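1. here are the coordinates; sequence isn't available:
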């Protein structure tokens with residue numbers, strides 16, 4: 001890293017000149033990229049920024065306006081600072097106009113009280129800068145070697161993020177473009193705090209988001225970005241941090257490409273067709289032909305979209321990933337196998353970073369549910385026997401009979417899966433009817449009108465819980481989930497009825513409503529469901 005103006009002033013070669021900072025002291029942390037001796041006034045056009053300019057002032061303007069213009073031009077090109085020797089032009093002190101202009105532009109202005117050998121100063125500063133550049137190059141080369149070795153060894157996202165945390169000392173997360181967490185490393189910190197900060201949502205910009213405190217790098221290859229790498233930086237990141245982030249993003253992108261190559265040809269073909277079906281505006285006229293070539297007939301069949309998601313939770317214990325590509329690839333093979341055992345021709349593939357999608361095809365006659373139950377039960381049994389053994393949520397979309405409607409069924413399945421993950425239910429599979437109001441709230445939670453409704457209904461209760469460290473929101477949730485049955489809700493909350501009733505009374509007081517009023521309870525229950533869907 002380049003030295004600062006303050007670092008340079010501490011060099012013996014400059015100290016011998018008795019330097020005094022007469023203006024712009026707030027800019028002493030400016031980085032000095034180079035040093036330049038210049039006596040002419042119109043030097044700014046020849047500079048690139050980051051230079052420390054040395055001068056005796058003998059050729060600078062004599063008028064105040066000219067001196068102010070000289071400082072303004074230096075500041076505009078980003079000069080790090082100006083050092084003036086007080087021997088030849090101004091023996092006693094620098095002109096007030098020069099000092100005032102430097103202070104106004106935040107440009108460090110340093111006066112040297114003794115005659116100074118500028119050549120010695122230049123050599124000393126250049127030596128420091130060169131040494132910093134060499135150290136930076138060596139560190140960058142080491143980073144490249146580390147991530148190259150990880151790539152060649154086939155390291156997955158967890159290992160890559162672990163190395164990012166080690167090299168940078170910063171917490172790091174990998175998320176999908178739709179803000180789903182894929183992997184993280186808390187760098188020895190509190191994972192819960194890191195994830196809570198991340199959930200607040202960094203901006204979609206690339207680079208350093210100073211307001212949110214994240215260094216953000218896109219992850220992808222071949223012009224197809226699929227994720228973002230985020231380093232938690234409460235201060236502007238160093239060049240080394242940026243190098244680590246960029247090199248890690250490249251390693252993650254290459255790992256993703258290699259992981260895709262590990263898929264069977266069948267899964268790759270199925271994935272490509274499913275993506276085309278899901279992408280708005282994609283031509284699907286030949287979808288039935290392509291599917292038939294894969295052994296899956298779509299015409300004259302009932303089609304059911306399916307989303308299979310690992311039911312995972314974030315605990316205080318650092319976990320390598322919530323749903324890695326490796327697990328999803330295995331899950332796609334398991335899903336395809338379960339469909340074959342149930343006698344259901346299906347397209348099955350991994351189309352995002354959180355789930356496996358499938359399009360089941362069923363005969364136009366006969367009952368659907370028994371076949372779907374066989375498929376789901378077989379899938380649950382097989383998943384339980386895998387090495388990763390993550391429980392899964394199986395969600396189904398509406399049964400349709402036309403290929404253009406398949407995208408809707410697949411999208412519905414994804415929404416149902418998201419809502420079912422939050423419901424905590426243990427059904428063999430979930431449909432829209434099963435997630436009911438919770439599912440509707442999940443579909444609508446991003447609507448500003450719904451958010452405003454939640455704010456109106458619950459903001460006072462949330463504020464009370466934060467200020468008094470209470471759990472009245474949880475009490476209200478238990479009460480609503482048990483349909484207003486106070487005894488059952490008290491049992492679920494593990495509280496005595498007296499204590500539970502007191503908390504309900506406190507809720508009524510804070511919100512200014514009566515929980516005995518059916519409409520009030522319904523309104524609060526809907527607000528809670530909408531709030532939970534947005535988490």
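-> In hand now; what should we look at? Keep in mind it's a predicted model, so treat the numbers as computed, not measured.
2. Now for the residue lying closest to residue 368 once chain neighbours are set aside: which residues touch it?
-> In space, and not counting its chain neighbours, residue 368 is closest to residue 362: 5.8 Å by C-beta to C-beta, 6 or more residues apart in numbering. For the C-beta atoms, the positions are set from N, CA and C on the backbone; glycine is no exception. Residues counted as contacts of residue 362 (C-beta atoms under 8 Å, 6 or more residues apart in numbering) are 301, 302, 303, 304, 344, 368, 371, 399.
3. For residue 345, see how far away the first one is.
-> Just to be clear, that refers to residue 301. From residue 301 across to residue 345, the span is 8 Å (C-beta to C-beta, to the nearest Å).
4. Show me the common contact partners of the two, please.
-> By C-beta under 8 Å, 6+ apart, the residues touching both residue 301 and residue 345 are residue 361.
5. which of these two has more neighbours?
-> A count of neighbours by other C-beta atoms under 10 Å puts residue 301 above the other of residue 301 and residue 345, at 20 against 17.
6. so where's the stretch 351-500 of the chain shaky on pLDDT?
-> Applying pLDDT under 70 to the stretch 351-500 of the chain picks out residues 422-426, 434-446.
7. which residues of it fall in strands?
-> In the stretch 351-500 of the chain, strands defined by DSSP state E, counting those that start in this stretch lie at 356-362, 392-400, listed in chain order.
8. tell me the most buried of those strands?
-> Among the strands of the stretch 351-500 of the chain, ranked by average contacts under mean count of other C-beta atoms under 10 Å, first place goes to strand 356-362 (a mean of 27).
9. That one pairs with which strands, and in what direction?
-> Strand pairing for strand 356-362, using DSSP bridges, gives strand 302-310 (antiparallel), strand 346-349 (antiparallel).
10. one step back: now the strands of the stretch 351-500 of the chain in TSV, with distance to residue 162?
-> Formatted as TSV, those follow (distance: least, C-beta to C-beta, whole Å):
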stretch	distance to residue 162
strand 356-362	26
strand 392-400	26
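11. which stretch among these comes nearest residue 221?
-> When the strands of the stretch 351-500 of the chain are compared by C-beta to C-beta, strand 356-362 sits nearest residue 221, at 22.1 Å.
12. how far out from the middle of the chain is the closest one?
-> Taking C-alpha atoms, centre = their mean, to the nearest Å, the mean C-alpha location of strand 356-362 is offset from the chain mean by 30 Å.
13. Kindly report the same for stretch 481-493.
-> Stretch 481-493 sits 38 Å away from the centroid of its parent chain (C-alpha atoms, centre = their mean).
14. got it, and stretch 69-89?
-> 42 Å.
15. first vs last residue of that stretch, how far apart are they?
-> Taking C-alpha to C-alpha, to the nearest Å, stretch 69-89 runs 18 Å from one end to the other.
16. buried set for it?
-> By neighbour count on 16 or more other C-beta atoms under 10 Å, the buried set for stretch 69-89 is 69-71, 73-75, 79-87, 89.
17. In terms of distance to residue 183, which of those residues ranks first?
-> residue 80 (39.9 Å).
18. Could you find the closest non-adjacent residue to the closest one?
-> In space, and not counting its chain neighbours, residue 80 is closest to residue 30: 4.2 Å by C-beta to C-beta, 6+ apart.
19. surely the one you found meets residue 4?
-> Yes: with contact defined as C-beta atoms under 8 Å, residue 30 and residue 4 form a contacting pair (6.4 Å).
20. Comparing these two, which residue is more hemmed in?
-> Taking other C-beta under 10 Å, residue 30 and residue 4 do not tie; residue 30 has more neighbours (22 against 18).
21. who's in contact with that one?
-> With C-beta under 8 Å, 6+ apart, residue 30 has these contacts: 4, 5, 50, 80, 81, 108.
22. Give me the subset of those residues lying in helices.
-> Counting by DSSP state H, the part of the contacts of residue 30 found in helices is residue 5.
23. Relative to residue 492, which of the contacts of residue 30 is nearest.
-> residue 4 (60.2 Å).
24. Secondary structure class of the closest residue to the closest one other than its chain neighbours, three-state.
-> Leaving out its chain neighbours, the residue that sits closest to residue 4 by C-beta to C-beta, 6+ apart is residue 29, at 5.1 Å. What DSSP: H, G, I helix; E, B strand; the rest coil gives for residue 29 is coil.
25. Who are the packing partners of whichever strand or helix holds residue 531?
-> Secondary structure assignment for residue 531, by DSSP states H and E: helix 518-533. Applying 3 or more C-beta pairs under 8 Å, 6 or more residues apart in numbering; DSSP states H and E, we find helix 518-533 packed against helix 406-423, helix 432-444, helix 448-468, helix 472-481.
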